[in-house]
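In: My questions concern the predicted model and sequence given below.
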Amino acid sequence: MGDLDGRVALVTGGSRGIGRGICLRLAEGGADIAINYHSNADAAEEVAEEVRALGRRAEIYQADVAVEEDCRGMASAALADFGHVDILVNNAGIGATAVGRPHVADTGPEPFERLMAAHVYGPFYLCQELVPQMRDLPRGDVVMISSVAAQNFGATGGTYSAAKSAMEALAHTLAKEEREHGIHVNIVAPGLVETDMGLALVKFTRGVESMRDLDASQPFGRVGRPEDIANAVAFFVGPRGAYITNQRLTVSGS
Amino acid sequence: MTIDLTGRAAFVTGGSRGIGRAIALTLAEGGADIAINYNRDADAANETVEAVRALGRRAEAYQGNVAEFDACQQMVERALADFGAISILVCNAGIASRGNSIVDTDPDELRRVVSTHVFGTQHMAHLLVPQMRGQERGDVVCISSGAAQSLGARGGPYNMAKSGMEALAYTLAKEEREHGIHVNVVAPGLVETDMGKRLVRATRGVEDIRELDERSPFGRVCQPEDIANAVVYLCSEEASYVTGQRITVNGGGF
């Protein structure tokens, strides 16, 4: 029926924003979904219900991707529930705004450590747990949700840019190591997207209260949407991406 | 979510054979009507036209060398008369260079290759983009090459031509976004086409390109459909927030 029938996707940070969009888009394509969330169980359960309403299986897993035992435990639990995980989407993240957007020279190591743990170590642990079993599947996919921050390197975004860059380095290395096992590793880099994180960012940096105030000044007359990012993920992991790996697609309207 | 290009018409240069043929057919599968440009092989063009019509879509073929502005002008006039409007332009027509070092390259060869890839693309954009501005959406997709990234020795004219073509694409993307026009680049590596077969015969002494399957990414030489799938994604609703981007379809490029 769908392009992704029979496949299982684990989406980190899947309860809200871009992650929620990815869960729903992959479920529309036919995949069953393991939804990771950190703090908002109600939101995660709501996404699970929406996935089930599409006729797909969904389970939710509480875990802080910055914590090694959480990642390893979640991977084991998802494998026990679904039997296999074909698609890993590393989407969970923390914005630089959450740590006060410090200048590189004016901050201690703590904010850097916090973002590095969430964006780099978490995906690393999950790849270690899930990639080996992907080698025996017809196809495996890892998609990193990075950011235009890893190409723009704006002032006060150092914590985030450094973490996303390291995440991309992980992806490009993994792509080369695992292709022989039929595993694809790609990166989607969103610009500003209408999410809680995006709204916090523009409130802080531009003093606007609503994304709608920005539409007219944005590419194609609108702020990016979670679906825009989810569609790119679905392209990479679907049959149209069968000969694509080690690539990075910016979805920012520019 | 299936890709729906119903109601759109695409002009595909070099559409009679190889990658161009696959692009014509895949866009037609998505619902688009197809104007096919060819230069020399009328039989192949007619065969592709018939294959598109067999999918229930409209198709016409237009002979012309894209390197010549007058030829482009005549083709576009006829295509606009036939189809009413063209909302997708795929610049795919190309010629290979002869494998000489830059120092040993006849300037006429450089001019010929650049004329086809750079001037040909500019001719078609000049003739078709203005009428796209009034449409709901316009798309230009340039078929470049991994050569524009690897810039290998003895590929000078082709490397220069494809790099120039990409520069045109990224510039055009910035100029036309306000009119709802998307401009993107798809960069194939080695593909099983007449050009690809000649390339491996000349550079590696390989008579049957399929001999390379085992050593190729994902166990196979890239097929024209792999490239067409990326083009169709970029022209679809799924990529409505993607412009100015390049997708390399080469199995990872390592």
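Out: Yep, that arrived.
In: contacts for the lengthiest strand in chain A?
Out: Ranked by residue count and defined by DSSP state E, the top strand of chain A is strand A:183-190. Contacts of strand A:183-190 with the rest of the structure, by C-beta atoms under 8 Å, 6 or more residues apart in numbering or on different chains, involve A:18, A:131, A:134-135, A:139-148, A:150-151, A:168, A:171-172, A:174-175, A:178, A:224, A:228-229, A:232-233, A:236-237, A:241, A:244-252. No exception for glycine: its C-beta is placed from N, CA and C like everyone else's.
In: could you pull out the helices for the stretch 1-150 of chain B?
Out: Taking DSSP state H, counting those that start in this stretch, the helices of the stretch 1-150 of chain B run over residues B:18-29, B:42-54, B:69-83, B:107-114, B:120-132, B:147-150.
In: can you list the ones you listed in TSV and add mean neighbour count and mean pLDDT?
Out: Listed next are the helices of the stretch 1-150 of chain B as TSV, based on neighbours: other C-beta atoms under 10 Å in any protein chain shown; pLDDT from 0 to 100:
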stretch	mean neighbour count	mean pLDDT
helix B:18-29	26	98
helix B:42-54	17	98
helix B:69-83	17	98
helix B:107-114	16	95
helix B:120-132	21	98
helix B:147-150	18	94
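In: Out of those, the one nearest residue A:118 is which?
Out: helix B:147-150 (31.5 Å; C-beta to C-beta).
In: What about contact with chain A: does that closest one have any residue there?
Out: No: applying C-beta under 8 Å from any C-beta of the partner chain, one finds helix B:147-150 out of contact with chain A, separated by at least 11.5 Å.
In: For that helix, which helices and strands make contact with it?
Out: Under the contact criterion of 3 or more C-beta pairs under 8 Å, 6 or more residues apart in numbering or on different chains; DSSP states H and E, helix B:147-150 touches helix B:156-176.
In: Okay, buried residues for the lowest-mean-pLDDT helix or strand in chain A please.
Out: The weakest-scoring helix or strand in chain A, judged by mean pLDDT, DSSP states H and E, is helix A:196-206 (a mean of 91). Across helix A:196-206, burial judged by 16 or more other C-beta atoms under 10 Å in any protein chain shown covers A:197-199, A:201-202, A:204.
In: out of those, who's nearest residue B:186?
Out: For the buried residues of helix A:196-206, the nearest to residue B:186 is residue A:198 (28.8 Å; C-beta to C-beta).
In: Surely the closest one touches residue A:192?
Out: Yes: if you go by C-beta atoms under 8 Å, residue A:198 and residue A:192 touch, sitting 5.4 Å apart.
In: Please identify every residue contacting each of the two.
Out: Joint contacts of residue A:198 and residue A:192 (C-beta under 8 Å, 6+ apart) are A:223-224.
In: quick one on the thing from earlier: want to throw the buried residues of helix A:196-206 into a markdown table with distance to residue A:33?
Out: Converted to a markdown table, the buried residues of helix A:196-206 look like this (distance: C-beta to C-beta, whole Å):
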| residue | distance to residue A:33 |
| --- | --- |
| A:197 | 21 |
| A:198 | 23 |
| A:199 | 25 |
| A:201 | 27 |
| A:202 | 29 |
| A:204 | 32 |
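In: any idea how far residue B:47 lies from residue B:31?
Out: 21 Å (C-beta to C-beta, to the nearest Å).
In: before we move on, what about residue B:209?
Out: On the measure of C-beta to C-beta, residue B:209 and residue B:31 end up 32 Å apart.
In: now swap in residue A:163 and tell me
Out: Distance of residue A:163 to residue B:31, given as C-beta to C-beta: 42 Å.
In: for residue A:90, same thing?
Out: 34 Å.
In: what residues does the stretch 101-250 of chain A put near chain B?
Out: Residues of the stretch 101-250 of chain A lying near chain B (C-beta under 8 Å from any C-beta): A:175-176, A:179, A:182, A:219-220, A:224-225, A:228, A:231-232, A:234-235, A:239-247, A:249-250.
In: Keep only those of those residues that are in helices.
Out: A:175-176, A:228, A:231-232, A:234-235 (DSSP state H).
In: just for the stretch 101-250 of chain A, where's the confidence low?
Out: For the stretch 101-250 of chain A, no stretch has pLDDT under 70.
In: returning to what we had before: so which of residue B:209 and residue B:31 has more stuff around it?
Out: residue B:209 (20 against 16; other C-beta atoms under 10 Å in any protein chain shown).
In: from what I can see residue A:164 touches residue A:147, true?
Out: Yes: contact criterion C-beta under 8 Å: residue A:164 and residue A:147 qualify, at 4.8 Å.
In: and those two? which has more neighbours close in?
Out: With neighbours defined as other C-beta under 10 Å, residue A:164 and residue A:147 compare such that residue A:147 has more, 29 against 26.
In: Alongside chain A, which residues does the stretch 151-254 of chain B contribute?
Out: B:173-174, B:177, B:180, B:217-218, B:222-223, B:226, B:229-230, B:232-233, B:237-245, B:247-254.
In: Pull out the buried residues from the residues you listed.
Out: Going by neighbour count (16+ other C-beta under 10 Å), these have B:173, B:177, B:180, B:217-218, B:222-223, B:226, B:229-230, B:232-233, B:238-245, B:247-253 buried.
In: how long is stretch A:141-161 end to end?
Out: From its first residue to its last, stretch A:141-161 covers 24 Å (C-alpha to C-alpha, to the nearest Å).
In: Give the buried residues for it.
Out: Those would be A:141-151, A:156-161, for stretch A:141-161 by 16+ other C-beta under 10 Å.
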